[in-house]
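> model the following, please.
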Amino acid sequence: MATDLLFITQELRKAVIRKIKRGENRLGIHVMDRLLLAATHNHSGVGGYMDNWVFEKAALGPYDPEVFDHLVRQIATAVLQAGRQWVPARLGVGRGRARGLNVNRRRKGDFTDPDLRMIRVDDEEGKTLAYVLNFSAHPTLLGPRNMQFSADYPGQLARALGEGDGPLPGRGPLQETMTFGGPLVLFFNGSLGDQAPYRIPGYEGFDRVEKFGELLAERVREISNGLPTKGSIRLKTIGETFPLPGTDVRGALGHFSFLFNGLAHLLFVPDSAYFQMLLVDEALLVALPCEPGVEVGRDLQARLQSRGFSSSWIVAPANNYIGYLIEEEDYRRGGYEARISFYGPGMANWVKGKVLELAQGMNEPGSAALPSKRGAIDRRGELPHRMP
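Model (predicted):
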């Protein structure tokens, strides 16, 4: 599930799961323990959904329980509606490059991740039903002065691929539902921690968003052209909640941070987080509850490839939020990303270790997809080979 939010909180995910569980029996499915709930990390979306005064002051604005309840209801409704619309389908996995569309915002001219990853779902006649896309860049084209709701470039990407007449995100009146008449587009951000979208010269504001989204959509179409699909694939998911290391905010407070670590933990730093993997044929979606830098993502993908996963995606932030994640050497350079890293310089290696533990579980026997009535999932997290 992809949302146009800044990040996902533990409370939001738990509330969505509780609400969906009430409708599972009617649908004859069991999915909620394995729900992948991701945010595009949109900076122009709704706030007020986190009941924590630190994050209220720093990012999301005053908590409003009506906003929280509305988000829970809308997300749960979308999942339940999808559960009622299972149809036979074919699926293809592809990958290309979107060179020049992201930049390293932390160190000018340094590493970027130009990879644009795709899962395309077609019906049995070959009509595209959905795209699942993965690209690494903060949705910050509109900047901090924008006071209009917008899904930024992921929203314009969805509109461009949908080939419909819906309003440009941020320009039309708020609607309960926007239907473009084309394929559904789910956008997952990647190793976005130090990645910013390229600001195309000659374009400002919403014109810039529109142009960027159209350029990214062109790359999607290029990758999609001639992409082979198949009707039987392997699907599996695994997830685990891990207790986190002790709070270490030296990136923000320097050598005197030990005086404040306990207070930071008490006020806003989580003590556990849910990590998840979803295997869709050869594509391994690695859902991380943070904003990983590009070097963290590259190293993690290389390690997963050495373990037999040829196409791994970083999906972030997902399921909950624990701050930024950068390599130790980069952490010691300081800067904004180090200040918002709440677990010290060794956290990137800790996270990579936990991800590799999950990867070992994905390779255990019994991982083949099983046919199942109405798309039920068994308790091992194995999904059917027919896609909704």
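> CA only for contacts and neighbour counts going forward, please
Noted.
> quickly list the domain ranges of this protein.
Using automatic domain parsing, the domain parsing of the chain gives 1-85, 89-231, 235-362.
> gap between the longest one and the chain center?
Centroid displacement of domain 89-231 relative to its chain, using C-alpha atoms, centre = their mean, to the nearest Å, is 13 Å.
> tell me the mean pLDDT over it?
Here domain 89-231 scores 89 as its mean pLDDT.
> now swap in stretch 360-373 and tell me
Stretch 360-373 comes out at a mean pLDDT of 56.
> follow-up on the earlier one: export the domains of the chain to a markdown table and tack on mean neighbour count?
Listed next are those as a markdown table, based on neighbours: other C-alpha atoms under 10 Å:
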| stretch | mean neighbour count |
| --- | --- |
| domain 1-85 | 18 |
| domain 89-231 | 19 |
| domain 235-362 | 20 |
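> residue contacts, Gly246?
Counting by C-alpha atoms under 8 Å, 6 or more residues apart in numbering, Gly246 touches 271, 343.
> phi, psi for it please.
phi -70, psi 150 (degrees, to the nearest 10).
> same thing with Val93?
phi -120, psi 130.
> that one and Gly213, how far apart?
Separation of Val93 from Gly213 (C-alpha to C-alpha, to the nearest Å): 21 Å.
> repeat for Leu71
25 Å.
> Gln305 now?
The spacing between Gln305 and Gly213, counted by C-alpha to C-alpha, is 30 Å.
> same deal with Leu142?
On the measure of C-alpha to C-alpha, Leu142 and Gly213 end up 13 Å apart.
> tell me who's in contact with Tyr274.
Going by C-alpha under 8 Å, 6+ apart, the list of residues near Tyr274 reads 239-242, 289, 319-320.
> could you redo the last one with a cut-off of 7 Å?
239-242, 319-320 (C-alpha atoms under 7 Å, 6 or more residues apart in numbering).
> do Leu267 as well
Neighbours of Leu267 in contact, by C-alpha under 7 Å, 6+ apart: none.
> could you rerun that using 10 Å?
52-55, 261 (C-alpha atoms under 10 Å, 6 or more residues apart in numbering).
> which of those fall in helices?
53-55, 261 (DSSP state H).
> need those in a markdown table (columns: pLDDT and distance to Phe268).
Formatted as a markdown table, the ones in helices among the contacts of Leu267 follow (pLDDT from 0 to 100; distance: C-alpha to C-alpha, whole Å):
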| residue | pLDDT | distance to Phe268 |
| --- | --- | --- |
| Trp53 | 91 | 8 |
| Val54 | 92 | 7 |
| Phe55 | 93 | 8 |
| Asn261 | 81 | 11 |
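> so Thr140 sits against Arg105, correct?
No - contact between Thr140 and Arg105 fails when scored by C-alpha atoms under 10 Å: they sit 11.5 Å apart.
> which residues of the stretch 1-150 of the chain fall in strands?
2-3, 38-39, 90-97, 102-104, 115-122, 128-135 (DSSP state E, counting those that start in this stretch).
> which one of the ones in helices among the contacts of Leu267 is nearest to Glu222?
Set against Glu222, the nearest of these by C-alpha to C-alpha is Phe55 (40.1 Å).
> check contacts around the closest one.
Applying C-alpha under 10 Å, 6+ apart, the residues contacting Phe55 are 48-49, 61-63, 267-268.
> same thing with Ser136?
Contact analysis of Ser136 by C-alpha under 10 Å, 6+ apart lists 40, 101-103, 112-116, 188-197, 293-294, 314-316.
> quick one: the residue nearest to Gly47 when sequence neighbours are not counted from Val46, how far?
Leaving out its chain neighbours, the residue that sits closest to Gly47 by C-alpha to C-alpha, 6 or more residues apart in numbering is Leu60, at 4.5 Å. Distance of Leu60 to Val46, given as C-alpha to C-alpha: 8 Å.
> overlap in contacts, those two.
What both Leu60 and Val46 touch, as defined by C-alpha under 10 Å, 6+ apart, is the set Leu6.
> returning to that earlier point: which of the contacts of Phe55 fall in helices?
Per DSSP H, the contacts of Phe55 map to helices at Leu267.
> that'll do, ta.
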